[in-house]
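[1] have a look at this prediction, sequence included:
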Amino acid sequence: MQLFQLIYNFLWGDLVNIPLPGGSSLGLSLLIMLLIPAGLFCMIITGFLPIRLLPEMIRVAAEKDVDPEKKSSVSGLETLIVSTATRVGMGNLVGVVAAVSAGGAGAIFWMWVTAIIGSATAFVEATLAQMYKEEDPLYGGYRGGPAYYIHHLFAGKKKKSIMAVLFALSGLLCWCGISQVIGNSVSSALNNAFNVPPLYTAILLCIPGAYIVLKKNVTVKVLDVIVPVMAGFYIFLTLFVIINNFSSLPQVFSRIFSEAFGVRQALAGGFGSVLMNGVKRGLFSNEAGSGSAPCASASADVDHPVKSGLLQALGVFIDTIIICSCTAFVMLLAPEDFTAGLSGMDLLQAAMRYHFGEAGVIFIAVTLWLFCFSTFLGILFYARSNVAYVFGDNWTSQTVYKALSLVNLFIGCLAAYTFVWDLGDVGIGLMTIFNLIALIPLSKEAVRSLNDYEKRHLKKKQEIKLRNVV
């Protein structure tokens, strides 16, 4: 436990402290010092793709890429839904609440900035995952992810790459830890809202979870239903709150931007807290650079690798710019005196109570259940390719890992073991490091693929325009 705590502090603790005016300081962890420069690098080499090609991302999301005759294939849109299921989870509720509690409204602005930067990283890693995907002999369709492009970079024709194995094991470690966090979060929420005993919550989560994840190729179909419904309903309720409090909206934006640049916070010695809480929670929420989402991207049956990259870049926008903002607006549109002195989930529940009465508290509990359950299904979809890379193509290893995750989900509902939570954080931190080691040198291949896609797409548009003229 001490060893893992040491690794956790090395990855997530403040390695560098930069003094700021007003007596505050800017603490930089190793992962922030890696992810932000990597994101800026990807932004530059892709020609500011997240801004430049946003309409193209939306157009690709509306396409039907999969061949209906290939029953085991997964479309690009379906992989976007899977990755959105894991991103649109606790980070959108607990993460945003933590950012606002610790860093104030200004932290939201830095979450938005982090999302734009992170979407460029998400594009590169998802495109590479598509370029180095393999046929999946167990589930059908394709499989891949960072373990496979890391293998290409370091192992070549060798059977295994140590770096790729370390990435895969880090992912499996992370997702097992997250399973317990999911169980505990849902159990606490249902107990607070409905007085549901933790054992009942464990049964409510594990039985349908076991049916879905242990049955071949059911996960994606279930997520296809859950994710659009839960995200759509959450956005709808937020729009209701915004419309109902429309006159207060300019004040909310004014508060976000004024606190983001820390005029008041700098004088109070808190600008570093505003900036870093927004950045940290933004990275935690959108997962860009960690190598998680590419495990889903590789399974997409698309006619060009760049399409998968564009979809994952869009996924980061959906997660942070839309869903996280929904949570922020719900909190910030409640009067400050109504939420004064509150933090954590108490802050969000008080805001929901203000907007919807006691029904708001119940709604947050149900929403957290749906968000967390979809996250659990999503991470087990991710785990398929990592299990296959380390242990080979066999149902035994796939089933053992799923059973282990279900056990962790069950245990998490009954008790909170912070050590296991730290395992999840250590796992995602190590994943990020191993992923970025390969991502930067391989990024030029993603750029070449992007150039090829843009040339083809531009040519196609010119041909259509010419036909219309004729």
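    Noted; the coordinates are in hand.

[2] would you confirm that Thr46 contacts Val124?
    Yes. Counting by CB atoms under 8 Å, Thr46 does reach Val124; the two are 7.1 Å apart. The C-beta positions use only the backbone N, C-alpha and C, and glycine is treated the same way.

[3] neighbour count winner among these two?
    Higher neighbour count among Thr46 and Val124: Val124, with 33 against 24, using other CB atoms under 10 Å.

[4] what's the helix or strand for that one?
    helix 106-131 (DSSP states H and E).

[5] for the very next helix or strand once past that helix, name the packing helices and strands.
    For helix 106-131, the following helix or strand on the C-terminal side (DSSP H and E) is strand 134-135. Where contact means 3 or more CB pairs under 8 Å, 6 or more residues apart in numbering; DSSP states H and E, strand 134-135 is packed against strand 142-143.

[6] and if we set it to 6 Å?
    If you count contacts as 3 or more CB pairs under 6 Å, 6 or more residues apart in numbering; DSSP states H and E, strand 134-135 packs onto no helix or strand.

[7] that one: partners in the sheet, and parallel or antiparallel?
    With DSSP bridges as the test, strand 134-135 is paired with strand 142-143 (antiparallel).

[8] point out where the stretch 351-470 of the chain drops to low pLDDT.
    416-421, 461-470 (pLDDT under 70).

[9] Trp175: what's it in contact with?
    379, 383 (CB atoms under 6 Å, 6 or more residues apart in numbering).

[10] next SSE downstream of the helix or strand hosting it?
    For Trp175, the host element (DSSP H and E) is helix 162-194. On the C-terminal side of helix 162-194, the closest following helix or strand by DSSP H and E is helix 198-214.

[11] tell me which residues of that following helix are tucked away?
    For helix 198-214, a neighbour-count test (16 or more other CB atoms under 10 Å) marks 198, 201-202, 204-206, 209-210, 212-213 as buried.

[12] helix or strand: which one has the residue nearest to Cys174 when sequence neighbours are not counted?
    The shortest distance from Cys174 to any non-neighbouring residue, by CB to CB, 6 or more residues apart in numbering, is to Gly427 (2.7 Å). Gly427 belongs to helix 418-469 when assigned by DSSP H and E.

[13] with Asp224 instead?
    Asp224 belongs to helix 219-244, assigned by DSSP H and E.

[14] tell me which residues in that helix are buried?
    219-220, 222-224, 226-227, 230-231, 234, 237-238, 241-242.

[15] before we move on, back to that, got the buried residues for the helix holding Trp175?
    163-191, 193.

[16] where does the prediction get shaky in the stretch 201-350 of the chain?
    262-278, 280-285, 343-345.

[17] and with 90 instead?
    Residue ranges of the stretch 201-350 of the chain with pLDDT under 90: 201, 204-205, 211-239, 242, 245-293, 296-297, 299-303, 315-350.

[18] grab the most central residue of the protein for me.
    In the chain, the C-alpha nearest the mean C-alpha coordinate belongs to Arg87, at 2.8 Å (CA atoms, centre = their mean).

[19] so that one sits against Asp319, correct?
    Yes. At 4.0 Å, Arg87 and Asp319 qualify as touching, with contact defined as CB atoms under 6 Å.

[20] which neighbours do those two share?
    Common neighbours of Arg87 and Asp319, counting by CB under 6 Å, 6+ apart, are Asn286.

[21] can you list the buried residues in the helix or strand Gln5 falls within?
    Gln5 belongs to helix 2-12 when assigned by DSSP H and E. By 16+ other CB under 10 Å, the buried positions in helix 2-12 come out as 7-8, 11-12.

[22] who's in contact with the residue lying closest to Thr201 once chain neighbours are set aside?
    For Thr201, ignoring the flanking residues on the chain, the nearest one in space by CB to CB, 6+ apart is Ser187 at 4.4 Å. Shown in contact with Ser187 (CB under 6 Å, 6+ apart): 198, 201, 413.

[23] all set, thanks.
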